[in-house]
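J.: got a predicted model here, sequence first, then my questions.
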Amino acid sequence: MNPLLSSFDTAPFSKIKNEHFKPAFLQAMQDARAEIDAITSNKEAPTFNNTIVALEFSGQQLDRISSVFFNLNSAETNEEIQKIAQEISPLLSEFSNDITLNEALFIRIKSIYEQKDSLNLSIEQTTLLDKKYKSFSRNGANLSEDKKSRLREIDAELSKLKLKFGENVLAETNKFEMHLTDEKDVTGLPDGAKEMAAQLAKSKEKDGWLITLDYPSYIPFMKYAENRELRKKLSLAFGSKAFKGDELDNQETVLKLANLRFERANLLGYKTHAHFVLEERMAETPEKVHSFLNELLEKAKPAAIKEFQELEDFAKGLDQIDTLQKWDGSYYSEKLKQKLFNLDDEQLKPYFKLENVISGVFTVAEKLFGLQFEEVFDVDKYHEEVKTYKVYDADSNFVSLFYADFHPRKGKRGGAWMTSFKSQWIKNGENSRPQISNVCNFTPSTETKPSLLTFNEVTTLFHEFGHGLHGMLANTTYPSLSGTSVYWDFVELPSQVLENWCYEKETLELFATHYETGEVIPMDLVEKIKASATFQEGMATLRQLSFGLLDMAWHGTDPTAITDVKTYETEAFSGTNLFPETPETCMSTAFAHIFQGGYSSGYYSYKWAEVLDADAFAYFKEKGIFNKEVANKFKDNVLSKGGTENPMVLYKRFRGTEPKVEALLERAGLLTSS
Ligand SMILES: [Zn+2]
């Protein structure tokens, strides 16, 4: 018997062999198709229950198998699993395309959608119906045949162009290398970065040092290398990726992508691509995004200009440079930061032993939401390093299973993330609880030292645990609206808000004790952490806003008249520039977030989420960071509600008002510096 095809509660990892996956996927897809067929061939008139609910709960075994498989492919993979992923992924996208292109299914959904006002649906049911209907209509289900076929053409062309965009950026990144043979040229680089550059040279059978455009090589060089000419060379190479007029140039591709996205949006009845995207976002419209970005810009700009001036004065005083250029920014900022704060990871790490930080974040969850974490040893897991916990509420009701997998391994991808092995739902009166997981890559312990985290790792742990709480505390009927299944620009609220607790004395006293002496972290260190966190926040804000504005310039207007990428970009950047303009560079031709990845019309959401979390935390600060009443409001209106309602409505119910930018400006130190 294939263990993946049995009805399992927790994933039966110890019984699963790689060869089980493919047949399980195939069988589960076949079963799911049969469930869809049963809906469309139902002789009864379409109802919310026999169509929308039936569709929502179809393919559950497939979902379980997919989460086991793709979670393993991220956290404990091998060549065999990667090979299966390559075989299975196209089949899965074909499977989901077949559903959104299923006309008989759409006709039933549409007839329910058209009577929705007379069906007495709850808010959650209405949201579910809207979501199902839009998953079809936004893919062209309402279009005439010729428009449908044009839409398919556009989609095919868009995916080709995105691929080409990414390939060109990658080829440009790999093509460049700066070979240095004089040790003077690497002066200033920390030992680790120097070693890496030497190793890279050696691996290519060269002497000396190799610097490339990959971040781990590029960033330390821009930050630390004393040779200004070489920083300039590297910076210009980085900034001119896919902008050299040769076969790897992306200017044409950028124009085509913008125009095709615009045409696609028009076909579907939207004014621009941004209107199309933002329909399913908390920000709702391009106008709101624009006024949001511009409000922040207006308020952050004076501080940014002042910081820039300080930085330029500092650089002039130190090295008598004429004008501060793009290739000087990181370098002098790092020097100024060292001078002002003199704070490094090694000073802090002894206070952040991993076990203490975990118990700290559990205590925070207990003080806020009454949660209890009990480590259990009888749950099957995919690696011995994984820890498993049963989570209970204050009345000892079971809330969630929680997997924690903290250290790097061969077979685990980089970064940190929250995921789930099973989402939460209510069916036949039974509340089926979720299975949530946090996966990270924290510094492991050694023979002589326990795992000691950098402060950045501490905030990462709180961040992912915040996403985890969103999953664990979910309390909705339908799985596709549960937990973190919310609008993109709302999903970072629970994670980012939790990071705020790391900077508070009251929290740090709970867990930040020296692993050898037991001494609580000195408060002057805490003050330094806080102060350095807002160092050059005005400049950083302006930079983020410039990317958001460029994204909106490409996607929130009619692009048909744009002829020159660089000219258009320069115009979009005109309100946010601090450094002198460099004609040989272009951001758009390598802006993979918006032209290759999924961030088109979404770049603003980084700042949007910061505004939400700062505004939410300001409420806690006002009433006390462990105030039960505020915590309960957050749990009842945000954490437990998933995507069942419009996020602005949920937020206002928690906070009493819409989020305002002031809390972020205050936290970032931008209110007083103008
Ligand atoms: Zn996150």
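T.: Received the coordinates, thanks. Residues are numbered from 1 along each chain as shown.
J.: where in the chain is pLDDT low?
T.: 672-674 (pLDDT under 70).
J.: now do 50
T.: For the chain, the stretches with pLDDT under 50 are 673-674.
J.: enumerate the strands of it by residue range, in sequence order.
T.: 177-180, 209-212, 372-376, 387-392, 398-405, 417-422, 425-427, 430-432, 435-439 (DSSP state E).
J.: for the second one, which outside residues touch it?
T.: This means strand 209-212. 173-174, 176-181, 185-186, 194, 197-198, 200-201, 204, 217-218, 221, 234 (C-beta atoms under 8 Å, 6 or more residues apart in numbering). All C-beta atoms are positioned from the backbone trio N, CA, C, and that covers glycine.
J.: ok, the longest one next?
T.: Counting by C-beta under 8 Å, 6+ apart, strand 398-405 makes contact with 10, 75, 358, 371, 373, 379, 381, 383, 385-393, 412, 421, 424, 433-440, 468, 471-473, all of which sit outside it.
J.: how does it look with 7 Å?
T.: Outside strand 398-405, the residues that touch it by C-beta atoms under 7 Å, 6 or more residues apart in numbering are 10, 75, 371, 373, 379, 381, 383, 385-393, 433-439, 468, 472-473.
J.: return the set of buried residues in that strand.
T.: In terms of neighbour count (16 or more other C-beta atoms under 10 Å), strand 398-405 has its buried residues at 399-405.
J.: what's the closest of those residues to residue 621?
T.: Comparing these against residue 621 with C-beta to C-beta picks out residue 399 as the nearest, at 26.7 Å.
J.: grab the nearest non-local neighbour of the closest one.
T.: residue 391 (4.5 Å; C-beta to C-beta, 6 or more residues apart in numbering).
J.: swap in residue 81?
T.: Closest to residue 81 by C-beta to C-beta, 6+ apart is residue 73, at 5.3 Å.
J.: in the protein, which residue sits furthest out from the middle?
T.: In the chain, residue 43 marks the outermost C-alpha relative to the chain mean, sitting 43.8 Å out by C-alpha atoms, centre = their mean.
J.: distance of that one from residue 108?
T.: Shown here: residue 43 relative to residue 108, a distance of 12 Å by C-beta to C-beta, to the nearest Å.
J.: equivalent analysis for residue 338, please.
T.: Distance from residue 338 to residue 108, by C-beta to C-beta: 65 Å.
J.: compare neighbour counts for these two and give me the winner.
T.: Between residue 338 and residue 108, counted using other C-beta atoms under 10 Å, the more crowded position is residue 108 (22 against 11).
J.: for the closest residue to the more buried one other than its chain neighbours, give me its contacts.
T.: Using C-beta to C-beta, 6+ apart and skipping the chain neighbours, the partner closest in space to residue 108 is residue 46 (3.8 Å). By C-beta under 7 Å, 6+ apart, residue 46 lies in contact with 108, 111-112.
J.: neighbours around residue 564, how many?
T.: By other C-beta under 10 Å, neighbour count at residue 564 equals 11.
J.: what of the one 3 residues further on?
T.: When neighbours are defined as other C-beta under 10 Å, residue 567 has 10 of them.
J.: correct me, but residue 250 touches residue 170?
T.: No. Between residue 250 and residue 170 there is no contact under C-beta atoms under 7 Å: 11.4 Å.
J.: between those two, which has more neighbouring residues?
T.: Neighbour count, other C-beta under 10 Å: between residue 250 and residue 170, residue 250 has more, with 30 against 15.
J.: give the contact list for the more buried one.
T.: Contacts for residue 250 (C-beta under 7 Å, 6+ apart) come out as 165, 168, 242, 589.
J.: residue 20 and residue 81, how far apart?
T.: Taken as C-beta to C-beta, the span from residue 20 to residue 81 is 11 Å.
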